[in-house]
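**Q** all I have is the shape, not the residue letters:
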């Protein structure tokens, strides 16, 4: 019998308890790995994971969405740390959270979803490529550079002089991440449920490094008493403003898209007989994300977003309420206090391998078939290349420009033809949207129709703007004036219809126009060649 979702404020269900443990085991190594990839203090990742779980989990509008430090903001955060330093980056995170709260107050969460999926997937793919290339240097025992071109240029030298212990540990972590999801049989299924791939990779790599006494960099968690908190933002005002908007928009878009995706996963689970879950309130979710970023930045944590991978694990674990996300944050808090000696045994190469695989997954071709079917690959490719070469904000701007250009190009591709029928009449067809962009083509086609001919105009698309309507009306008046006949087939109605007895020449109902143009319906011809309306 399917489990009923607990009412808001009810005690956690047993499904929530088990799901929270699964998510905690995934989130702990990811929090450290993402902090490593950004160049932030490693404790910042733990702070963000705890705050995202507890604050966003309690205040957000998507009960099953797990919030924490995300790979989607890694490149943005790394760039901010390099430009402004860590304390200013924390302040930017606080301001970005306040911006999200303002957007939630305006109830524009649904509007954020109008961003083309091709741009979102292209942004994530570019971020994934940037992460993967940078973390490959760490797996090889080196240090990454700030840009993808620089990392690619330095890669041959790094491959020629690797650090063997780091390669062994990183290689083991990569192998486990690739093999773990493919363990066969019921035993493999049980092992995967008991220990997620991310935790297994980091645990086995750490065990190897400790057993073999390998000398390589490891996690270093300084005392909480020396943890850096935000300072007054320092830098150019326009640059700081752009940084705040970038963090707020990227975090909002990723969170809301993840919330929609989690709703679909929960609905699919319910259709298969699993427990139900509440539908996301996107404005409330944006408010919860904003509050979490304010608190995370104020406590010296990374910016947070709702993340799809941890949320999918939450749904798969059977979670039925927001208690699973809140509890996973509580387990992370306990780990930061009780497991510090264990965490400091983790080799950085193992965390780098974990984050590199996440980057590859972000850049994966999962969405290419859908984008190709909708002819959105140029937008996707331009956004990806822009993010890789110039940065996230620049790449998204390039993607938007390409999307707008493609939309305008499609609007100009209206096919307009004029064909002579066997009986000597002409038929004009318009396939597509008749907008002002199609007016020159429409005028050229109509100009080649002989004076005095009988013409049937067939308009397939009912969306005709004012410029196209005026062009067709003026030509029609002139053609009728030269003794021709015009039959309008499928002409769209006027936006504001008026009674036929008071209709203007350009706003006749279709039937009246046909009778006037073909000479049927009685009455004396008017000077413009039309029959009067009845």
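**A** Arrived safely. Since we're looking at a predicted model, the values are computed, not measured.
**Q** OK, contacts around residue 456?
**A** Contact analysis of residue 456 by CB atoms under 8 Å, 6 or more residues apart in numbering lists 425, 426, 427, 428, 486, 487, 489. No exception for glycine: its C-beta is placed from N, CA and C like everyone else's.
**Q** give me the below-cutoff pLDDT ranges for the stretch 1-150 of the chain.
**A** Low-confidence segments of the stretch 1-150 of the chain (pLDDT under 70): 1-13, 113.
**Q** go again using 80 as the cut-off
**A** For the stretch 1-150 of the chain, applying pLDDT under 80 flags the ranges 1-14, 110-116, 146.
**Q** one more: the stretch 251-400 of the chain?
**A** 272-278, 309, 364-367, 393.
**Q** need the strands for it, in chain order.
**A** For the stretch 251-400 of the chain, the strands defined by DSSP state E, counting those that start in this stretch cover 305-307.
**Q** could you do the chain as well?
**A** Here the chain has its strands, by DSSP state E, at 66-68, 305-307, 415-420, 426-431, 454-459, 485-489.
**Q** among those strands, which is the most enclosed?
**A** strand 66-68 (a mean of 34; mean count of other CB atoms under 10 Å).
**Q** which helices and strands sit right next to that one?
**A** In terms of contacts (3 or more CB pairs under 8 Å, 6 or more residues apart in numbering; DSSP states H and E), strand 66-68 is packed against helix 14-38, helix 282-298, strand 305-307, helix 308-316, helix 323-338.
**Q** columns distance to residue 395 on top of those, output as TSV?
**A** Output for the helices and strands packed on strand 66-68, formatted as TSV (distance: least, CB to CB, whole Å):
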stretch	distance to residue 395
helix 14-38	18
helix 282-298	22
strand 305-307	18
helix 308-316	20
helix 323-338	30
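**Q** hey, which of these is tucked in deepest?
**A** Neighbour counts (mean count of other CB under 10 Å) averaged over each of these peak at strand 305-307, with a mean of 30.
**Q** packing partners of the longest helix anywhere in the chain?
**A** Secondary structure of the chain per DSSP state H: the longest helix is helix 237-271. When contacts are defined as 3+ CB pairs under 8 Å, 6+ apart, helix 237-271 sits against helix 74-84, helix 86-105, helix 109-112, helix 117-139, helix 282-298, strand 305-307, helix 308-316, helix 392-411.
**Q** again, only using 6 Å
**A** Counting contacts by 3 or more CB pairs under 6 Å, 6 or more residues apart in numbering; DSSP states H and E, helix 237-271 packs against helix 86-105, helix 109-112, helix 282-298, strand 305-307, helix 308-316.
**Q** and the strands of the chain as TSV, adding distance to residue 55?
**A** Output for these, formatted as TSV (distance: least, CB to CB, whole Å):
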stretch	distance to residue 55
strand 66-68	8
strand 305-307	12
strand 415-420	55
strand 426-431	53
strand 454-459	55
strand 485-489	61
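**Q** those: which one's closest to residue 291?
**A** Among these, the nearest to residue 291 by CB to CB is strand 66-68 (10.5 Å).
**Q** ok, the nearest residue to residue 355 once chain neighbours are set aside to residue 345 distance?
**A** Spatial nearest neighbour of residue 355, excluding adjacent residues (CB to CB, 6 or more residues apart in numbering): residue 33 at 4.2 Å. From residue 33 across to residue 345, the span is 15 Å (CB to CB, to the nearest Å).
**Q** also residue 290?
**A** Applying CB to CB, the value for residue 290 to residue 345 is 36 Å.
**Q** same question for residue 407.
**A** For residue 407, the distance to residue 345 equals 54 Å [CB to CB].
**Q** distance of the closest residue to residue 300 other than its chain neighbours from residue 151?
**A** Nearest residue to residue 300 in three dimensions, chain neighbours excluded: residue 229, at 4.8 Å (CB to CB, 6+ apart). From residue 229 across to residue 151, the span is 31 Å (CB to CB).
**Q** those two: who's more crowded?
**A** Set side by side, residue 229 and residue 151 show more neighbours around residue 151, with 20 against 13, by other CB atoms under 10 Å.
**Q** touching, the more buried one and residue 133? I think so.
**A** Yes - taking contacts as CB atoms under 6 Å, residue 151 lies within contact range of residue 133: 4.7 Å.
**Q** quick revisit: which ones are touching the residue nearest to residue 355?
**A** By CB atoms under 6 Å, 6 or more residues apart in numbering, the contact set of residue 33 is 351, 354, 355.
**Q** from those residues, which is closest to residue 17?
**A** Closest to residue 17, out of all of the contacts of residue 33 and judged by CB to CB, is residue 354, at 25.5 Å.
**Q** look up how far residue 201 lies from that closest one.
**A** For residue 354, the distance to residue 201 - CB to CB - is 6 Å.
**Q** what of residue 172?
**A** Look at residue 172 and residue 201: by CB to CB, they are 8 Å apart.
**Q** before we move on, what about residue 238?
**A** From residue 238 across to residue 201, the span is 42 Å (CB to CB).
**Q** these two - which one has more neighbours?
**A** It is residue 201, of residue 238 and residue 201, that has more neighbours when counted by other CB under 10 Å, with 27 against 8.
**Q** distance of the more buried one from residue 482?
**A** Applying CB to CB, the value for residue 201 to residue 482 is 80 Å.
**Q** what sits closest to residue 89 if chain neighbours are left out?
**A** Per CB to CB, 6+ apart, closest to residue 89 is residue 80, 4.5 Å.
**Q** ok, residue 465 next?
**A** Using CB to CB, 6+ apart, the nearest residue to residue 465 is residue 435, at 4.8 Å.
**Q** quick check: phi and psi at the one you found.
**A** Backbone torsions for residue 435, taken as degrees, to the nearest 10, come to phi -120, psi 180.
**Q** and stretch 146-157, which residues are buried?
**A** Residues of stretch 146-157 classed as buried by neighbour count (16 or more other CB atoms under 10 Å): 147, 148, 151, 155.
**Q** same check on stretch 468-482?
**A** 468, 469, 471, 472, 473, 475, 476, 479, 480.
**Q** okay, the residues you listed in JSON lines with pLDDT and distance to residue 117 next?
**A** Compiled in JSON lines, the buried residues of stretch 468-482 are given as follows (pLDDT from 0 to 100; distance: CB to CB, whole Å):
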{"residue": "468", "pLDDT": "84", "distance to residue 117": "30"}
{"residue": "469", "pLDDT": "84", "distance to residue 117": "33"}
{"residue": "471", "pLDDT": "88", "distance to residue 117": "35"}
{"residue": "472", "pLDDT": "87", "distance to residue 117": "36"}
{"residue": "473", "pLDDT": "87", "distance to residue 117": "39"}
{"residue": "475", "pLDDT": "91", "distance to residue 117": "41"}
{"residue": "476", "pLDDT": "90", "distance to residue 117": "42"}
{"residue": "479", "pLDDT": "90", "distance to residue 117": "45"}
{"residue": "480", "pLDDT": "91", "distance to residue 117": "48"}
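**Q** how close does the residue nearest to the spatial centre of the chain get to residue 76?
**A** Central residue of the chain (CA atoms, centre = their mean): residue 120, 3.4 Å from the mean position. Relative to residue 76, residue 120 is positioned 14 Å away (criterion: CB to CB).
**Q** what of residue 35?
**A** To residue 76, residue 35 is 14 Å away according to CB to CB.
**Q** and if you look at residue 425?
**A** Distance, residue 425 to residue 76, by CB to CB: 63 Å.
**Q** more crowded one of these two?
**A** The neighbour comparison of residue 425 against residue 76 (other CB under 10 Å) goes to residue 76, with 23 against 14.
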